[in-house]
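*Asks:* All I have is the shape, not the residue letters:
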């Protein structure tokens, strides 16, 4: 879902070495080195936008930034790890406090600094792996880098990193669980709070305040009012909410780099938002979720879900999909649709959304962050 986002992150910019110790990142680098050896890669370059598209470089370095700047992590076949970020030299000390990487370098432009690094390591010519460069590096920088390494063989390894990141470690699951607690807490607040002045902006402000107090670094909010003739999820506006209206909130929260999301349907009554009971839809949601079993492929799960809804005479709203992976990115692989052949695996964390048309309320929508565990699917945003 495309949402409004703040220019700056607002949460704690720290490295919690208890919850995410150095060994966690070193294990990831070892996995990557093995894959590099299989592919004959001399050096792997992982690029990202450190404010938003930071998943790949953060996966190995823990680095993110509160600013819209590019950053790159280089891993050699010897296991040397270097972090290059756009920023002033005075920021290197602060950056070292949030990453385990010892070789940290600042620069004005990542592409130029990357070429300097490759020359220093005698890696021109060599075989270079790319992750994220084609998608996220600014066009001019990417062109400059490509021209400087035209003697090198380039191998795209985006799909390999996607597969690694799909299955979360126990520590990653715990981090997602922490962000999910904020989502659950905020939804609880909405249903327990009296709003004397009830507008979309007032509700949005209450959500933002409470999530920030809980330590959220990034907060994404969309609202929907399905009793309107033409409705969609959209940013909040300064318009009143009438008693008797259906009011749906989409909330995604990032806490210490990891995301979770949830969707809840409320009914506006006087000055409060009630949480109606949708026993038949809740029962349907549980049956669907219970079939998220390791080994079953995404398209099989999707087809079973569509069949289940059709047999129970529910009208499905397909605009926002059933869900996808979530973790260091708000939207990760795999995608729950009729084409994705990726199987469910233990350790996966995904969003699961169910959007149903309803004559009286317009629509009823449920959405959660779900963990595929040994004992079965577990809702983190309960």
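*Replies:* Good, I have the coordinates. Here the structure is a predicted model, which is why all the values come from computation and not from measurement.
*Asks:* What's the end-to-end length of stretch 73-85?
*Replies:* Using CA to CA, to the nearest Å, the end-to-end distance of stretch 73-85 comes to 9 Å.
*Asks:* count of neighbours near residue 212?
*Replies:* 14 (other CB atoms under 10 Å). Placement of C-beta: from N, CA and C, glycine included.
*Asks:* So it sits against residue 205, correct?
*Replies:* No: assessed by CB atoms under 8 Å, residue 212 is found out of contact with residue 205, at 10.6 Å.
*Asks:* Need the mean per-residue confidence for stretch 107-115.
*Replies:* For stretch 107-115, the mean pLDDT works out to 97.
*Asks:* Give me the next element, helix or strand, following the longest helix along the chain.
*Replies:* Taking DSSP state H as the criterion, the chain has its longest helix at helix 170-192. Downstream of helix 170-192, the next assigned helix or strand under DSSP states H and E is helix 200-213.
*Asks:* relative to helix 170-192, how tilted is that next one?
*Replies:* Calculated by axes from the mean of the first three to the mean of the last three CA atoms, to 10 degrees, helix 200-213 forms an angle of 140 degrees with helix 170-192.
*Asks:* what helices or strands is helix 200-213 leaning on?
*Replies:* On a contact count with 3 or more CB pairs under 8 Å, 6 or more residues apart in numbering; DSSP states H and E, helix 200-213 meets helix 170-192, strand 218-224, strand 246-255.
*Asks:* One more pass at 7 Å, please.
*Replies:* helix 170-192, strand 218-224 (3 or more CB pairs under 7 Å, 6 or more residues apart in numbering; DSSP states H and E).
*Asks:* Contact partners for residue 15?
*Replies:* Contacts for residue 15 (CB atoms under 7 Å, 6 or more residues apart in numbering) come out as 62, 97-99.
*Asks:* separation between it and residue 284?
*Replies:* 42 Å (CB to CB, to the nearest Å).
*Asks:* So, low pLDDT: which residues of the protein?
*Replies:* 1-12, 50 (pLDDT under 70).
*Asks:* related to what we said a few turns ago, now the helices and strands packed on helix 200-213 as JSON lines including mean neighbour count and distance to residue 325?
*Replies:* Below are the helices and strands packed on helix 200-213 laid out as JSON lines (neighbours: other CB atoms under 10 Å; distance: least, CB to CB, whole Å):
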{"stretch": "helix 170-192", "mean neighbour count": "19", "distance to residue 325": "11"}
{"stretch": "strand 218-224", "mean neighbour count": "22", "distance to residue 325": "16"}
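*Asks:* Just put those in JSON lines and tack on distance to residue 67.
*Replies:* Shown next, in JSON lines, are these (distance: least, CB to CB, whole Å):
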{"stretch": "helix 170-192", "distance to residue 67": "21"}
{"stretch": "strand 218-224", "distance to residue 67": "13"}
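*Asks:* between those, which gets nearest to residue 306?
*Replies:* strand 218-224 (21.9 Å; CB to CB).
*Asks:* and the angle for that closest one with strand 246-255?
*Replies:* 170 degrees.
*Asks:* quick one: contacts of strand 218-224?
*Replies:* With CB under 7 Å, 6+ apart, strand 218-224 has contacts from 1, 3, 5, 9, 200, 204, 207-208, 211, 231-236, 247-254.
*Asks:* next one: stretch 229-241
*Replies:* Outside stretch 229-241, the residues within contact range by CB under 7 Å, 6+ apart are 1, 4, 198-201, 203-204, 221-225, 247, 250, 268, 362.
*Asks:* Go through it and flag the buried ones.
*Replies:* Neighbour-count burial for stretch 229-241 flags 233, 236, 241 (criterion: 16 or more other CB atoms under 10 Å).
*Asks:* what does stretch 335-354 give?
*Replies:* Buried residues in stretch 335-354, counted by 16+ other CB under 10 Å: 335-336, 340, 342, 344, 347-354.
*Asks:* ok, now stretch 356-376?
*Replies:* 356, 358, 361-372.
*Asks:* how about these in TSV, adding secondary structure and distance to residue 56?
*Replies:* Formatted as TSV, those follow (DSSP: H, G, I helix; E, B strand; the rest coil; distance: CB to CB, whole Å):
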residue	secondary structure	distance to residue 56
356	strand	36
358	strand	40
361	coil	41
362	strand	39
363	strand	36
364	strand	37
365	strand	31
366	strand	31
367	strand	26
368	strand	26
369	strand	21
370	strand	23
371	strand	22
372	strand	22
